[in-house]
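Undergrad: Here is a sequence together with a model predicted from it:
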Amino acid sequence: MLPNLFLSEYVKKVFDSYPKLLGTYSSAQGDEELREALSRFMVRQHWVQLTASEMVITTGAQQAIDLLSRIYIRSMDPILVERPTYSAALDIFRQQGARLLPVDIYPDGYDLERVELLMKRYKPRLFYMNPTFHNPTGYTVPSAQRKQLVELAERYRCLIIEDDAFHDMYFDKPPPMPLITYDTEGWVVYLRSFSKYVAPGLRICSVIGRRPVIGSLITAKSLADNGTPCVNQKIFLHYFGSERLQQHQEKLRIALQVRRDIMEREFAGAGWDWVSPQGGLNLWVKLPDSIPMEPFFAECVRQSISFVPGAICDPLREMKSWIRLSYSFVNEGQLREGARRLTDIAERFK
Ligand SMILES: Cc1ncc(COP(=O)(O)O)c(C=O)c1O
């Protein structure tokens, strides 16, 4: 489902338009033309008031999470993280020595009383969240909670890192506005990676925030790599501004929805639990507790089936009977076959 054919055309166009591109470094903040284009897009799509100076381009969202952790987290600093959450983010926070305070995410959002209690009691510096088609669960925090979360962040001076990697990967209707739309005081820093629907190979993420956050991020970015490669940024810029991306995105949404449906149909009789995702790339499935995860996982890998075990997404390293299955990676036939194999193996281990 990658736009290979189109991208190769843009590569040629970009090298013709910028003959000195290969010999040029980007600024640490990111290509100005790209930041201008992406800030216009954010203003149009989300009514966020912003200029290109309030944006940094990073090499993927993962780099942004890493840089923000280096800036904001000192050893033993308490931070809020969803439970479960994106496992690489947990690895980054642990590496930085953070004390992880889990906030359960449910199909209808968080328990805001608990969020407030944790903010009041521990004064965390950060709350890392992925509130839209969340990885791994696919859940989306409803809009009513979004405004309240920003108010809590302001009241308790806790910076929200809003990781919005799946925003455009919706099925029937677009998701609610991002939290940063409600932010007037600068307590939200917004990460919009384009890895998931343009190309992971380009690793382009735009980070939006207010001045103090952006200033520190530019310094951290210049220390890390002095700027995301210009070639990637310009190719992305030209593709991003094209009608083709729009068409590609629409096809992708349909293809992902079809694959989600296939997976759900295959699992219908298995007696497993999940909440049907309305966007994103994953199905978060609860298997029977009786299945021993380690040998089960080993057997699946032996039969060429891969999934993310729930425990690695859990800040408490529990959730052993949960798994995250991706329906984006293989074609429909392989998906059907893989799902059947998975249910057969599970049946044997039950
Ligand atoms: C929630 C979340 N954030 C960030 C990333 C990483 O994105 P990028 O490729 O832009 O580093 C992923 C990738 O799976 C993700 O699921």
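TA: Nice, thanks for sending it over.
Undergrad: Give me the pLDDT for residue 153.
TA: Residue 153 carries a pLDDT value of 98.
Undergrad: OK, contacts around it?
TA: The neighbours of residue 153, taking C-beta atoms under 8 Å, 6 or more residues apart in numbering as the test, are 127, 159, 160, 183, 187, 188. C-betas here are computed from N, CA, C, even on glycine.
Undergrad: just residue 152 next, same as before
TA: Going by C-beta under 8 Å, 6+ apart, residue 152 touches 112, 115, 116, 119, 158.
Undergrad: So which of these belong to helices?
TA: 112, 115, 116, 119 (DSSP state H).
Undergrad: is it possible to export those to a markdown table including pLDDT?
TA: Shown next, in a markdown table, are the ones in helices among the contacts of residue 152 (pLDDT from 0 to 100):
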| residue | pLDDT |
| --- | --- |
| 112 | 98 |
| 115 | 98 |
| 116 | 98 |
| 119 | 98 |
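Undergrad: Just the buried ones from the residues you listed?
TA: 115, 116, 119 (16 or more other C-beta atoms under 10 Å).
Undergrad: Quick check: nearest residue in space to the second one, chain neighbours excluded?
TA: The spatially closest residue to residue 116, leaving aside those adjacent along the chain, is residue 152, at 5.7 Å (C-beta to C-beta, 6 or more residues apart in numbering).
Undergrad: For the ligand, see how far away the one you found is.
TA: 21 Å (C-beta to the nearest ligand atom, to the nearest Å).
Undergrad: residues in this structure within reach of the ligand, list them.
TA: With C-beta under 6 Å from any ligand atom as the criterion, the chain meets the ligand at residues 60-62, 86, 130, 135, 163, 165, 193, 195, 200, 203, 205.
Undergrad: Quick one, which of those residues are buried?
TA: 60, 61, 62, 86, 130, 135, 163, 165, 193, 195, 203, 205.
Undergrad: Out of the ones in helices among the contacts of residue 152, which comes closest to the ligand?
TA: Checking those against the ligand by C-beta to the nearest ligand atom gives residue 115 as the nearest, at 19.0 Å.
Undergrad: Verify the stated contact: the closest one with residue 149.
TA: Yes. Here residue 115 reaches residue 149: they are 7.1 Å apart, a contact under C-beta atoms under 8 Å.
Undergrad: got the residue ranges for the strands in the stretch 251-350 of the chain?
TA: 282-286, 308-309, 322-326 (DSSP state E, counting those that start in this stretch).
Undergrad: What sits closest to the residue of the chain at minimum distance from the ligand if chain neighbours are left out?
TA: Using C-beta to the nearest ligand atom, the closest approach of the chain to the ligand is made by residue 60 at 2.6 Å. Of all residues not flanking residue 60 in the chain, residue 203 sits nearest, at 4.1 Å (C-beta to C-beta, 6+ apart).
Undergrad: Repeat that for residue 130.
TA: residue 163 (4.5 Å).
Undergrad: hey, what's that neighbour bridged with?
TA: Listed beta-bridge partners, residue 163: residue 191 (assigned using DSSP bridges).
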